[in-house]
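Participant: Just need the structure, nothing else, for what follows:
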Amino acid sequence: MNPFSPEAQTRQSIAELESKHELYCKAFRLLLADKVSLNKMQKTLAWHKLQLLHEVLPNRYRSPLEMFAQQRKPKARRRSQRKDPAIAVATA
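Facilitator: Model prediction:
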């Protein structure tokens, strides 16, 4: 295959995106920690790269919208699902 063909360049671009996935996720988490709105997050490079990875390889990478929704769930709900170790010791 010709290394300058569109197929080779696309494959290379996807490989580059995959190699930087953790970097995009870190930027995404920092934006979430700063409580950036969904509208502003959708305009970021991290969002676009994560969305592109999801569109190209949906079985491997989650949608940034799905990730955003999961992280914005109320924290009280997540805590209530965990068992308190102090209670477990007291009842044992």
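
Participant: From now on I want contacts and neighbour counts done on CA atoms only, so please keep to that.
Facilitator: Noted.

Participant: Could you export whichever strand or helix holds residue 49 as CSV, CA atoms only?
Facilitator: Taking DSSP states H and E as the definition, residue 49 sits inside helix 45-56. The C-alpha coordinates for helix 45-56 follow below in CSV (Å, rounded to 0.1, in the frame of the first residue of the first chain):
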residue,chain,number,x,y,z
LEU,A,45,-10.5,20.1,21.1
ALA,A,46,-10.7,17.3,23.7
TRP,A,47,-14.4,16.9,23.0
HIS,A,48,-14.0,16.8,19.2
LYS,A,49,-11.1,14.2,19.4
LEU,A,50,-13.1,12.0,21.8
GLN,A,51,-16.2,12.3,19.6
LEU,A,52,-14.1,11.4,16.5
LEU,A,53,-12.7,8.3,18.2
HIS,A,54,-16.2,7.3,19.3
GLU,A,55,-17.6,7.7,15.7
VAL,A,56,-14.8,5.7,14.2
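
Participant: Would you mark the buried spots in that helix?
Facilitator: Counting neighbours by 16 or more other Cα atoms under 10 Å, one finds that the buried residues in helix 45-56 are 46-47, 49-54.

Participant: what residues does it touch?
Facilitator: 14, 17-18, 21, 24-25, 27-28, 41-42, 60-64 (Cα atoms under 8 Å, 6 or more residues apart in numbering).
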